[in-house]
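# how does the following fold in three dimensions:
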Amino acid sequence: MPSYSRPLVTESSTLTRTAVGDHSSLYYQNITKELAEGGVTTAEAGVDVCGTETPKGPSWLFNELISTGVSNNVAKP
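The predicted structure follows:
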């Protein structure tokens, strides 16, 4: 089963609360311009069909996430 992702590298490994309206959230974190490494299905940088330069597009297959220990095969809701 395929998987798609756009991994980002956060500025810190510690989550920081961010004000969102009247609430706070751990969801929004500052990111760097660095892209995390991907698996065997990672698209290399290049030019798309419209002639636009595109960056490397890291992604993984689900079985790669399991085989590399990033995730496991026990899904929980």
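
# what about the longest strand in the chain?
strand 31-35 (DSSP state E).

# quick one: strands adjacent to that strand?
With DSSP bridges as the test, strand 31-35 is paired with strand 8-10 (antiparallel).

# chain center to the longest strand of the chain: distance?
10 Å (CA atoms, centre = their mean, to the nearest Å).

# so which bits of it are buried?
Within strand 31-35, the residues that qualify as buried are Leu35, counting by 16 or more other CB atoms under 10 Å. Quick note: C-beta positions are derived from backbone N, CA and C, even for glycine.

# starting from it, tell me the next helix or strand along the chain.
strand 46-47 (DSSP states H and E).

# next SSE after that next one?
Per DSSP H and E, strand 46-47 leads on to strand 53-54 as the next helix or strand towards the C-terminus.

# and that following strand, how far from the chain's centre?
Distance of strand 53-54 from its chain centroid, counting by CA atoms, centre = their mean, is 18 Å.

# what is the subsequent helix or strand relative to that strand?
Counting by DSSP H and E, the element after strand 53-54 in chain order, helix or strand, is helix 62-67.

# could you give the mean pLDDT of that next one?
Here helix 62-67 scores 78 as its mean pLDDT.
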